[in-house]
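Structure here, sequence nowhere to be found:
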């Protein structure tokens with residue numbers, strides 16, 4: 001299997017990815033579903049909640065606790081553009097109460113839209129989330145191929 005993360009739906013190659021890394025471990029520097037900048041992974045609590053902790057006297061990164069499917073190693077490249085990111089401006093009447101802006105981000109297969117203050121913010125968030133989803137998809141495919149090779153005796 002290649003070490004390229006391929007966004008085949010958009011026909012875009014987004015760069016090399018370390019597949020040997022596996023799921024990020026507690027303490028690893030990661031990109032997350034929720035944060036614009038890299039954070040330290042704090043593990044999953046097993047519940048639906050996510051938390052972000054700051055060490056006030058330390059110079060370290062904030063610690064994000066969330067499910068492992070929502071993080072990828074910080075070295076995973078984020079593409080500059082991808083046709084799968086859909087950002088649409090909606091009216092204020094369509095915007096759910098409490099959301100920050102009228103730009104609606106929708107990702108393929110996600111089913112949940114998020115709302116953002118600017119189109120640039122929505123696009124950047126969508127590209128980062130697709131990089132995370134693609135990294136997990138490629139990692140999962142690589143694990144399946146290696147498991148099949150072991151089962152075949154290769």
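That came through fine. Note that the structure is a prediction, hence the values are computed from the model and not measured. Numbering: from 1, shown residues only.

For residue 106, see how far away residue 113 is.
For residue 113, the distance to residue 106 equals 5 Å [CB to CB, to the nearest Å]. All C-beta spots, glycine's among them, are computed from the backbone N, C-alpha and C.

Around residue 39, count how many other residues there are.
When counting by other CB atoms under 10 Å, one arrives at 24 neighbours for residue 39.

swap that for residue 91, sorry
7.

Got phi/psi on the closest residue to it other than its chain neighbours?
Leaving aside its sequence neighbours, residue 91 sits nearest to residue 102 (CB to CB, 6 or more residues apart in numbering; 6.9 Å). Here is the backbone geometry of residue 102 (degrees, to the nearest 10): phi -100, psi 0.

wait, what's in contact with residue 102?
89, 90, 91, 92, 94, 95, 115 (CB atoms under 8 Å, 6 or more residues apart in numbering).

Tell me how many other residues surround the first one.
To tie it back to what came earlier, the one meant is residue 89. Neighbour number of residue 89 under other CB under 10 Å is 11.

any idea of the pLDDT on it?
Model confidence at residue 89, given as pLDDT, is 96.

So which residue is smack in the middle of the chain?
residue 132 (2.9 Å; CA atoms, centre = their mean).

Got the phi and psi for that one?
Dihedral angles (degrees, to the nearest 10) for residue 132: phi -70, psi -50.

and it, what pLDDT?
On the pLDDT scale, residue 132 gets 94.

so the spatially closest residue to it that is not a sequence neighbour, which of the three states?
Nearest residue to residue 132, sequence neighbours excluded (CB to CB, 6+ apart): residue 72, at 4.5 Å. Each residue gets one of three states, and residue 72 gets strand by DSSP: H, G, I helix; E, B strand; the rest coil.
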